[in-house]
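Asker: What follows is a protein structure lacking sequence information:
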């Protein structure tokens, strides 16, 4: 019996000790967090697609005559100008044929001249007793026959002249010429296939498909802002560099692909030489026909959108959210809808209003509805000076944690997070998940 009483008294003493220890434990202070104001900033709207560079002009050179290839007058891989002589075929057979056709023309012209004299004489004698109408008719028929033969001979001579011209193969466009497929001494003909190709170099086309849904969104976004003139094209090269020239959109295809539900867009972009010097007689340019690139379709005029640092955005199974600080310095979870974002800045389409304070530093220590001690975000978080206006503190400075600054003419009682801030602790921003 005495043992039970001693155990009970010991339990009571232990309980009293725990109660006293709990009473002596100080209350935990609200966690310090870094905040920034959600504000409107001008941004450039951009959409990213995969495209291919395409030369506006592309020519496959083919022989028009059957003859031996005698000369090749270009350097493979070099740039040629329109009209440059590239190949020379065997010419003597065509020159001889042309000379024969021209002689035939001269012979028939002499006969036509004689027939014309005879016709005129017959017409003159018609007004005399020696003249007969039948002689006039026969002379006229002979004259017209020779005139037709002369025209036919001239046409044949012209055809021979054209064939002789085909023995000189010239560049129909300016651009970069490829390698030759036939070497000197071989017989070429129209059935020999392509001798070489030429592709134009400056400017270039960039062709890229977009989904129909994206196309409708772009039309809605830019139709009232100038259409094609409201956007510009930038390119990201295969090695990750951004191309220094900008281009313009100039074509939308008239057919939607039934298999992919995409539509083809095309833009034009300059492709100037990179260096004054040449490498192996070839002019160096950045873009090449058939090259894959990333196409950035950007608005010409910036638009005002609500922005917050990307580090403030958290994600879960329900979507994206942020913690904003209300007037009582309580952290509230707010669901948001994100627009186009960069690694440092997120645009907010809905969920926040301009001027709300958003937790950027220390978000990992915040729970919904929890009191917090807000302060300016750490300098590592990019923020414009306007983001801290009205907070009563300068970024990187401020009172000790848990203490607030009092703006002139106001009291500390009932201060809101807008009027009272404390510096955030040294915690790094929480990495956010990209939307």
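Answerer: Yes, it's here. Since the structure is predicted, the reported quantities are computational estimates derived from the model, not experimental observations.

Asker: Would you agree residue 249 is in contact with residue 233?
Answerer: Yes. Between residue 249 and residue 233 there is a contact under CB atoms under 8 Å: 6.3 Å. C-beta coordinates here come from the backbone N, C-alpha and C atoms, glycine included.

Asker: Skipping its backbone neighbours, what lies nearest residue 40 in space?
Answerer: Here the nearest residue to residue 40 in space, its sequence neighbours aside, is residue 304; by CB to CB, 6 or more residues apart in numbering that works out to 4.8 Å.

Asker: Same question for residue 115.
Answerer: By the measure of CB to CB, 6+ apart, the closest residue to residue 115 outside its immediate chain neighbours is residue 143, 4.1 Å from it.

Asker: Tell me if the one you found really is in a helix.
Answerer: Yes. Note on residue 143: a helix contains this position according to DSSP: H, G, I helix; E, B strand; the rest coil.

Asker: do you know how far it is from residue 104?
Answerer: Here the distance between residue 143 and residue 104 works out to 18 Å (CB to CB, to the nearest Å).

Asker: These two: which is more packed in?
Answerer: The neighbour comparison of residue 143 against residue 104 (other CB atoms under 10 Å) goes to residue 143, with 21 against 17.

Asker: for the more buried one, what are its contacts?
Answerer: When contacts are counted by CB atoms under 8 Å, 6 or more residues apart in numbering, residue 143 touches 112, 115-116, 118-119.

Asker: Per the annotation, how does this structure divide into domains?
Answerer: Dividing the chain into domains by automatic domain parsing, as the record does, gives the ranges 29-39+305-435, 46-56+201-303, 92-166.

Asker: got any residues that touch both of residue 249 and residue 233?
Answerer: Taking CB under 8 Å, 6+ apart as the contact criterion, the residues that touch both residue 249 and residue 233 are 267, 297.

Asker: Who has more neighbours out of those two?
Answerer: Regarding residue 249 and residue 233, a neighbour count based on other CB under 10 Å identifies residue 233 as having more, with 24 against 21.

Asker: list the buried ones in the strand or helix carrying residue 137?
Answerer: In the assignment (DSSP states H and E), residue 137 maps to helix 133-165. For helix 133-165, burial by neighbour count (16 or more other CB atoms under 10 Å) applies to 135-136, 139-140, 142-143, 146-147, 149-150, 153-154, 156-157, 160, 163-164.

Asker: What separation do you get for the residue nearest to residue 40 and residue 185?
Answerer: Spatial separation of residue 304 from residue 185 under the definition CB to CB is 70 Å.

Asker: same question, residue 248
Answerer: Distance, residue 248 to residue 185, by CB to CB: 48 Å.

Asker: again, but for residue 163
Answerer: When CB to CB is applied, the distance between residue 163 and residue 185 equals 21 Å.

Asker: for residue 90, same thing?
Answerer: Distance from residue 90 to residue 185, by CB to CB: 10 Å.

Asker: These two - which one has more neighbours?
Answerer: Summary of the neighbour comparison: residue 90 and residue 185, criterion other CB under 10 Å, with residue 90 having more neighbours (17 against 8).

Asker: one step back: now, which of the contacts of residue 143 sits nearest residue 379?
Answerer: Taking CB to CB as the measure, residue 379 lies nearest residue 112 of those, at 98.9 Å.

Asker: For the stretch 201-350 of the chain, give me the ranges with low pLDDT.
Answerer: Low-confidence regions of the stretch 201-350 of the chain, defined here as pLDDT under 70, cover residues 276-281.

Asker: Helices along that one, start to end?
Answerer: For the stretch 201-350 of the chain, the helices defined by DSSP state H, counting those that start in this stretch occupy 212-222.

Asker: The stretch 1-150 of the chain: helices as residue ranges?
Answerer: Remark: helices of the stretch 1-150 of the chain, listed N- to C-terminal, are 2-24, 92-125, 133-165; assignment by DSSP H, counting those that start in this stretch.

Asker: Spatially central residue for the chain, please.
Answerer: In the chain, the C-alpha nearest the mean C-alpha coordinate belongs to residue 295, at 2.8 Å (CA atoms, centre = their mean).

Asker: contacting residues around that residue?
Answerer: When contacts are counted by CB under 8 Å, 6+ apart, residue 295 touches 48-51, 206, 208, 233-235, 267.

Asker: again, only using 10 Å
Answerer: Residue 295 makes contact with 47-52, 206-208, 210, 233-236, 247, 249, 265, 267, 269, according to CB atoms under 10 Å, 6 or more residues apart in numbering.

Asker: Closest one to residue 224 out of the contacts of residue 143, please.
Answerer: For the contacts of residue 143, the minimum distance to residue 224 (CB to CB) is 71.3 Å, reached by residue 112.

Asker: Tell me the confidence at the residue nearest to that closest one when sequence neighbours are not counted?
Answerer: The shortest distance from residue 112 to any non-neighbouring residue, by CB to CB, 6+ apart, is to residue 146 (3.8 Å). According to the predicted model, the pLDDT of residue 146 comes to 87.

Asker: Just to check, residue 146 is in contact with residue 105?
Answerer: No. Residue 146 is beyond contact range of residue 105, at 11.7 Å (criterion: CB atoms under 10 Å).

Asker: thinking again about what came up before, any of the contacts of residue 295 buried? List them.
Answerer: In these, burial by neighbour count holds for 47, 49, 51, 206, 208, 210, 233-235, 247, 249, 265, 267, 269, counting by 16+ other CB under 10 Å.

Asker: Return the member of those nearest to residue 322.
Answerer: residue 47 (24.7 Å).

Asker: residue contacts, that closest one?
Answerer: Contacts were defined as CB under 10 Å, 6+ apart; by that measure residue 47 touches 210, 214, 217-218, 221, 231, 295-299, 340.

Asker: For it, give its distance to residue 288.
Answerer: 24 Å.

Asker: Could you pull up the mean pLDDT of the helix or strand following the helix holding residue 137?
Answerer: In the C-terminal direction, the helix or strand that comes right after helix 133-165 (DSSP H and E) is strand 168-170. Taken as a whole, strand 168-170 has a mean pLDDT of 92.

Asker: mind listing what strand 168-170 pairs with, with the direction of each?
Answerer: Strand 168-170 has the following sheet partners, assigned by DSSP bridges: strand 85-89 (antiparallel).

Asker: Now the partner strand: buried residues?
Answerer: Of all the residues in strand 85-89, those buried under the rule 16+ other CB under 10 Å are 86-89.

Asker: And stretch 173-180, by the same measure?
Answerer: Here stretch 173-180 shows 173-178, 180 as buried, counting by 16+ other CB under 10 Å.

Asker: can you give me how far it is from the chain middle?
Answerer: 26 Å (CA atoms, centre = their mean, to the nearest Å).
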